[in-house]
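1. sequence first, predicted model second:
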Amino acid sequence: AAAGEKREHLYKVLVIGDLGVGKTSVIKRYVHQFFSQHYRATIGVDFALKVINWDADTLIRLQLWDIAGQERFGNMTRVYYKEAVGAFIVFDVTRVSTFEAVAKWKHDLDSKVQLPNGTAIPAVLLANKCDQTKEGLVNNSSQMDEYCKDKGFINWFETSAKDNINIDEAARFLVTSILAND
Ligand code: GDP
Ligand code: MG
């Protein structure tokens, strides 16, 4: 690129997982540096745009797709997944049922969207609300590493939207992988 000219990328990233795990909170924290106990669960799909000055010649627009109201079905339509290049799957470390749902979400994702070359889109697992636990439900990190390998996640992070823990790190990891695929 010419001097002063930046390469721009627009990436669609999905945020999925069971109701109440903190999907909306993670997005608000990441995009608006803000946390609230109360988000209205509007029905439908919401978008948030995070602009990242990745490096001297790369600008990234991350379009984060949030869902509301449809989580209880445990799957989404192909249209929703269409052209996504990355995903966060979120669970709540205080509710084991939301972790059990992760495999189902990952399967739904992989069955409905692939990269142009046919491989799975990069997905990062977020063990959210880590501020709520002393030990953490995730007290065995090598077991989580194994789980991620088995289920095809590129990595996992313990996060807190409330205390702003690891959200930037998780996003950076996902974007690095997205760029490598592009
Ligand atoms: P969603 O249904 O997955 O979008 O979940 P929300 O973002 O609406 O969050 C559900 C509830 O969990 C809300 O009361 C949030 O304030 C709370 N919450 C979300 N993230 C965290 C977190 O990291 N820590 C704690 N303690 N509460 C959280
Ligand atoms: Mg929500």
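-> Here it is on my side, so go on. Residues are numbered from 1 along each chain as shown. Ligands and ions are numbered 1, 2, ... in the order given.
2. OK, now which residue of this protein is nearest to ligand 2?
-> In the chain, the residue that lies nearest ligand 2 is Thr24 (3.2 Å; C-beta to the ion). In this view, the C-beta of every residue, glycine as well, is placed from N, C-alpha and C.
3. report how many residues lie close to that residue.
-> When neighbours are defined as other C-beta atoms under 10 Å, Thr24 has 22 of them.
4. next, it: secondary structure please.
-> helix (DSSP: H, G, I helix; E, B strand; the rest coil).
5. from what I see, it and Phe47 are in contact.
-> No - using C-beta atoms under 8 Å, Thr24 is not in contact with Phe47; the gap is 11.8 Å.
6. tell me, what's touching those two both at once?
-> Listed as contacting both Thr24 and Phe47 by C-beta atoms under 8 Å, 6 or more residues apart in numbering are Asp66.
7. show me what from the protein comes close to ligand 2.
-> Lys23, Thr24, Ala68 (C-beta under 5 Å from the ion).
8. does the closest residue to the first one other than its chain neighbours lie in a helix or a strand, and which?
-> Taking C-beta to C-beta, 6 or more residues apart in numbering as the measure, Lys23 lies nearest to Val15, with 4.7 Å between them; neighbours along the chain are not counted. For Val15, the enclosing helix or strand under DSSP states H and E is strand 7-16.
9. just Lys28 next, same as before
-> Using DSSP H and E, Lys28 sits within helix 23-32.
10. can you name every helix or strand that that helix contacts?
-> strand 7-16, strand 44-55, strand 58-68, strand 86-92, strand 123-128, helix 167-181 (3 or more C-beta pairs under 8 Å, 6 or more residues apart in numbering; DSSP states H and E).
11. try it again at 10 Å.
-> Applying 3 or more C-beta pairs under 10 Å, 6 or more residues apart in numbering; DSSP states H and E, we find helix 23-32 packed against strand 7-16, strand 44-55, strand 58-68, strand 86-92, strand 123-128, strand 155-159, helix 167-181.
12. isn't Ile165 up against Gln132?
-> No - contact criterion C-beta atoms under 10 Å: Ile165 and Gln132 do not qualify, at 11.4 Å.
13. those two: which is more packed in?
-> Neighbour totals were compared for Ile165 and Gln132, and Ile165 leads with 18 against 15 (other C-beta under 10 Å).
14. dump the residue contacts of that one.
-> Arg29, Asn128, Lys129, Cys130, Asp131, Phe157, Glu158, Thr159 (C-beta atoms under 10 Å, 6 or more residues apart in numbering).
15. for this protein, what lies in contact range of ligand 1?
-> 19-25, 37, 39, 128-129, 131-132, 160-162 (C-beta under 6 Å from any ligand atom).
16. winner for burial among the helices and strands packed on helix 23-32?
-> With neighbours taken as mean count of other C-beta atoms under 10 Å, the helices and strands packed on helix 23-32 reach their highest mean count in strand 123-128, at a mean of 27.
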